[in-house]
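Visitor: give the three-dimensional model of this entry:
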Amino acid sequence: MLRRLGGIRPQFLIMLVTVLALVSAVSVYATVQSRVAVDAVVPQAATESATAGAAGGADARSVTGGAPSAATPSPTASTPAPTPAVVVPPKSLIGPALDAEINAIIQANSAYRVGVALIDLSDGEVHEYGVKTKFVAASTGKVLAAEAYYHLVETGKASLTARMGSSTAGQQIRQMIQQSNNESWALILAAVGHKGLTDYAASLGIPYDRTVNGLTPAEMAKTLSGLYSGRLLNAANTAQLLSYMQNTNYETMIPAAAPPGINVFHKYGLLNGNLHDASILVQGERAVVFVVYTLGRDMSDMAARTRVIQQLTGKVAAGVF
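Guide: Coordinates of the predicted model:
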């Protein structure tokens, strides 16, 4: 027969010890499971946060729905979560150094009237040098006429396949731009109309009178900027018009001086004492509109002004690419 211990029956003592052991075991199990759950959730949160960040979201949030923050590394993680790459747009290189070089060339050729406009399409800012007033645009104005006709096509008021002269409207635009055909220009102008062309130019912020055909270098640059950026025409018509501005019948100015690897889309102008070249220079993701208008005595100094345009092209290309 079991004896009492301190007045407590032995069987009750055994039961008490058993209950205390069970409580201790349950407490230990709960603590271990809690730690395992934490260790499982923290790496997952860090992984999901890093994945969201890598997808480009500055607003990547943790799995708990908190405010945007850097992922908290897991106690068991050996390396920190990767930092998402930040895409920085190319910085415009049109600055004081290039400004000084362009102005120096213009000043060294003060016998001529020279105006230059530059637009780095990364920021759209217009930079002007030399003469800033209107020149007779000569054949560079054909780009504006082409844009106006394409606009009529896109608004359902004209067609590129419509019969025009001895061919179609589309073929006349190609001849007007690539070969600088004046008969094609006359046909396109008649189709657009004097008021139509004036109104279209006004919609671009350009006061234009076809009877004078006057444009400033900056105004010409704006038409090219709007074209290349896709703001004026749809993608197909933009690509088509730009294709006509390559391999033209007069490649001796900007195209001849552009370094290898730079694509040139341009339209030259040549009339009496006016010698111009209006271009878009492209290399990789960088694109710059570059326009040079010049006025000399007559055709006798055309070779000298061609060299001026080539010198300016070299400085601009070296400065922005």
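
Visitor: can we go C-alpha only for contacts and neighbour counts from here?
Guide: Fine.

Visitor: burial count for K195?
Guide: Neighbour count of K195, defined by other CA atoms under 10 Å: 11.

Visitor: other SSEs contacting the strand or helix carrying it?
Guide: Under the criterion DSSP states H and E, the helix or strand holding K195 is helix 194-203. Helix 194-203 sits against helix 141-154, with contacts defined as 3 or more CA pairs under 8 Å, 6 or more residues apart in numbering; DSSP states H and E.

Visitor: and the helix it packs on, what's buried?
Guide: By neighbour count, and taking 16 or more other CA atoms under 10 Å as the criterion, the buried residues in helix 141-154 are 141-153.

Visitor: all helices for this structure, in order.
Guide: Listed in chain order, the helices found in the chain under DSSP state H are 10-54, 96-108, 141-154, 169-178, 182-192, 194-203, 217-228, 235-244, 254-257, 302-320.

Visitor: lowest average confidence across those, which one?
Guide: Here these differ in mean pLDDT, and the lowest is helix 10-54 at a mean of 42.

Visitor: what's the domain layout of this protein?
Guide: Structural domains of the chain, as assigned by automatic domain parsing, span the residue ranges 1-73, 96-320.

Visitor: okay, now the nearest residue to E101 once chain neighbours are set aside: neighbour count?
Guide: Of all residues beyond its chain neighbours, the one nearest E101 is K315 (7.0 Å), with distances taken as CA to CA, 6 or more residues apart in numbering. Residues near K315, counting by other CA under 10 Å, number 17.

Visitor: can you list contacts of stretch 307-320?
Guide: Residues lying outside stretch 307-320 but in contact with it, judged by CA atoms under 8 Å, 6 or more residues apart in numbering, are 92-94, 98, 101-102, 105, 109, 253-254, 256-259, 277, 288, 292.

Visitor: the same query, at a cut-off of 7 Å, please.
Guide: Outside stretch 307-320, the residues within contact range by CA atoms under 7 Å, 6 or more residues apart in numbering are L93, I94, L98, E101, I102, M253, I254, A257, A258, V292.

Visitor: show me what Y268 bridges to in the sheet.
Guide: For Y268, the residues forming beta bridges with it (DSSP bridges) are D277.

Visitor: can you pull the contacts of it?
Guide: For Y268, the contacting residues are S139, T140, H276, D277, A278, taking CA under 7 Å, 6+ apart as the criterion.

Visitor: closest one of these to N263?
Guide: A278 (13.6 Å; CA to CA).

Visitor: my read: the closest one touches F290, true?
Guide: Yes. Between A278 and F290 there is a contact under CA atoms under 7 Å: 6.2 Å.

Visitor: what is the burial count for G230?
Guide: Residues near G230, counting by other CA under 10 Å: 15.

Visitor: ok, back up a step: quick one: the residue nearest to E101 from L121, how far?
Guide: Between K315 and L121 the computed distance is 18 Å (CA to CA, to the nearest Å).

Visitor: now do N263
Guide: Taking CA to CA as the measure, N263 falls 15 Å from L121.

Visitor: for those two, indicate the residue with more neighbours.
Guide: With other CA under 10 Å as the criterion, N263 and L121 differ in neighbour count, and L121 comes out ahead with 20 against 17.

Visitor: look up how far S184 lies from that one.
Guide: Look at L121 and S184: by CA to CA, they are 31 Å apart.

Visitor: try A202
Guide: Computed with CA to CA, the distance linking A202 and S184 is 23 Å.

Visitor: between the two, which is the more surrounded one?
Guide: Neighbours of A202 and S184, each counted by other CA under 10 Å, are more numerous for S184; the result is 24 against 12.

Visitor: my read: the more buried one touches Q178, true?
Guide: No. Shown here, S184 and Q178 do not form a contact pair, counting by CA under 7 Å, at 10.9 Å.

Visitor: got the phi/psi numbers for the most centrally placed residue in the chain?
Guide: Closest residue to the average C-alpha location of the chain: S122 at 5.3 Å, with CA atoms, centre = their mean. Per-residue torsions, S122: phi -70, psi -20 (degrees, to the nearest 10).

Visitor: how close does it sit to A258?
Guide: Noted for S122: a distance of 20 Å to A258, by CA to CA.

Visitor: re earlier: may I ask which of the contacts of Y268 has the most neighbours?
Guide: H276 (31 neighbours).
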